[in-house]
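Trainee: Sequence first, predicted coordinates after that:
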Amino acid sequence: MDKIVVHGGHRLSGSVKISGSKNSALPILAATLLTSEPCTISRVPDLSDIHYMLTILSELGCEVERASGVVKIRAEKILSQAPYDIVRKMRASVCVLGPLLGRQGEATVSLPGGCVIGDRPIDLHLRGFEALGAAVRVTGGDVKVLAPKLRGATISLRSKFGSTVLGTDNVMMAAVLADGVTIIDGAAEEPEVVDLANFLIAMGAKIEGAGTRKIIIEGVKELHGAEHEVIPDRIEAGTFLAAAAIAGDHVRLLRVNPLHLKAVIDPLVDAGFLIEANGNEISIRPGVKRRPLKLDTLPYPAFPTDMQAQMCALLATTEGISVVTENVFPHRFMHVAELKRMGADIDLQGATLVIKGVPQLSGAPVMASDLRASAALVLAGLQADGVTEVNRVYHIDRGYESIDEKLNGLGAQIERMKA
Ligand code: EPZ
């Protein structure tokens, strides 16, 4: 297993190109199951999660070709059961359920287990499928969904945690070939849901309201192939903004969509950073004085849970008391114990962190656990005194394309070593 060794104290400056969105590419690749015609998806990031998805699609019978960031895929004749060992590794593979159900009238996927950020239920996905007329059975760790014909319905996907991103994606992908009109209330509003809807529309689907809480889908007989470029990864962009806030002088992010990052940019401005957004570029540099923050993670367009750990790494060395509450995944605190090993002063009270800023963290060997916690530890190491070793770096490679090379390109000193 590789580890990433971060030598602290090297300031960041210059520009970095942001990759295509992991959380947009994954459901879009799954959506190609909805047609027997070829599709071409570009700006697909080179990540292990993407590799898992392409493996699942190949095992389902798709012809898959990948050349750098472009994936050509054709689901001419497909099976309807995804292989367990991959579903176990990546929860997002549940998003093949909807397209398989829509295309074949049946789908079987192993139930995704929990993961380090907590229980990852799919009850809302299944409730959506049942509303469309499917029969759902859970046997031997698999969930089997059957529906000779799907009928449009009105479905609420609201949960006590707000909305569900992949649940909205899954129900939308099942509904595009159903008989009649489906209305999804309490839909997720994330830009990645909009990107999926735009791809489905390019395939001939009839969808209105993506990006709002209410999505209306009018079923069509069949979908055709399409080409699509994936939107920029707003969480990778946010991660680099946090890195620049921690250790940067003047850093520019290229090929981003600032409109997707308002809920990350606003708190960084409140924290005292000077940020300029124009076209597809964002630049950030330190202001006069840094200020502590009060942050609440909530579904889009509010502050994203996927940026919580990275902002904790910044607030750990921001003078004053910051308060961060995690409302989406109330156990998403794998980074806290590791940041405390580096000298952070953080008190966990239920789903709320009280962070007392310290002047500087000290480098230490730390353990990566989930994707965003791993990124947070690398960011913390940038300005820590000494060397920080982040072990189990495969977590970080799931969601960041060459993060060490990109940070080194900005002036960091990071090595990737065999652990
Ligand atoms: C997506 O996961 C993202 N993953 C996650 O990013 C992200 O953290 C999450 O949305 C929230 O924004 C992908 O898009 C591949 P949810 P998803 O369903 O769709 C509960 C990353 O780091 N819930 O929106 O699986 C759930 O437990 C990853 O890139 C139910 O109760 O998340 C959670 O508390 C991590 N029942 C909340 O809703 C359900 O049926 C939001 O989950 C579904 C979800």
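Mentor: Happy to help now that I have it.
Trainee: the bottom helix or strand of this protein by mean pLDDT?
Mentor: helix 84-89 (a mean of 61; mean pLDDT, DSSP states H and E).
Trainee: What helices and strands are in contact with the helix or strand just after that one?
Mentor: Per DSSP states H and E, the first helix or strand lying C-terminal to helix 84-89 is helix 97-104. Other elements packing on helix 97-104 under the criterion 3 or more C-beta pairs under 8 Å, 6 or more residues apart in numbering; DSSP states H and E are helix 22-31, strand 106-110, helix 123-131, strand 142-146, helix 165-175. Yep, even glycine has a C-beta here, placed from its N, CA and C like the rest.
Trainee: Tell me which residues are up against helix 97-104.
Mentor: Applying C-beta atoms under 8 Å, 6 or more residues apart in numbering, the external contacts of helix 97-104 come out as 30-35, 60, 75, 78, 80, 106-107, 109, 125, 129, 132, 134, 143, 145, 147, 150, 169-178.
Trainee: CA atoms only for that helix - export them in PDB, please.
Mentor: The C-alpha trace of helix 97-104 is given here as PDB (Å, rounded to 0.1, in the frame of the first residue of the first chain):
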ATOM      1  CA  LEU A  97     -30.000  -0.400 -10.400                       C
ATOM      2  CA  GLY A  98     -32.100   2.400 -12.000                       C
ATOM      3  CA  PRO A  99     -30.800   2.100 -15.600                       C
ATOM      4  CA  LEU A 100     -30.900  -1.800 -15.500                       C
ATOM      5  CA  LEU A 101     -34.500  -1.600 -14.200                       C
ATOM      6  CA  GLY A 102     -35.500   0.900 -16.900                       C
ATOM      7  CA  ARG A 103     -33.800  -1.000 -19.700                       C
ATOM      8  CA  GLN A 104     -34.400  -4.700 -18.700                       C
END
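Trainee: So what's the gap between it and the chain middle?
Mentor: Helix 97-104 sits 22 Å away from the centroid of its parent chain (C-alpha atoms, centre = their mean, to the nearest Å).
Trainee: Need the helices and strands packed on helix 97-104 in a markdown table (columns: mean neighbour count and mean pLDDT).
Mentor: Below are those laid out as a markdown table (neighbours: other C-beta atoms under 10 Å; pLDDT from 0 to 100):
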| stretch | mean neighbour count | mean pLDDT |
| --- | --- | --- |
| helix 22-31 | 28 | 98 |
| strand 106-110 | 21 | 87 |
| helix 123-131 | 20 | 95 |
| strand 142-146 | 19 | 90 |
| helix 165-175 | 29 | 98 |
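Trainee: Now do Leu101 against Ala92, distance only.
Mentor: In this view, Leu101 and Ala92 are 17 Å apart by C-beta to C-beta, to the nearest Å.
Trainee: Please apply the same query to Arg285.
Mentor: On the measure of C-beta to C-beta, Arg285 and Ala92 end up 35 Å apart.
Trainee: More neighbours: these two, which one.
Mentor: Using other C-beta atoms under 10 Å, the more surrounded residue of Arg285 and Ala92 is Ala92, with 25 against 16.
Trainee: which residues does the more buried one contact?
Mentor: 23, 26-27, 49, 53, 166 are the contacts of Ala92 under C-beta under 8 Å, 6+ apart.
Trainee: near the ligand too, which of those?
Mentor: 23, 26, 166 (C-beta under 6 Å from any ligand atom).
Trainee: With respect to Val390, which of those is nearest?
Mentor: Nearest to Val390 among those is Asn23, at 22.2 Å by C-beta to C-beta.
Trainee: What does Leu54 show for phi and psi?
Mentor: Dihedral pair for Leu54: phi -70, psi -30, per degrees, to the nearest 10.
Trainee: so how many other residues sit close to it?
Mentor: The number of residues packed near Leu54 is 18, by other C-beta under 10 Å.
Trainee: near the ligand, from the contacts of helix 97-104?
Mentor: His125.
Trainee: Could you tell me the phi and psi values at Pro148?
Mentor: According to degrees, to the nearest 10, Pro148 has phi -50, psi -40.
Trainee: Looks like it contacts Ala135 (just checking).
Mentor: No: if you go by C-beta atoms under 8 Å, Pro148 and Ala135 don't touch, sitting 9.6 Å apart.
Trainee: between these two, which one's more packed in?
Mentor: Ala135 (12 against 9).
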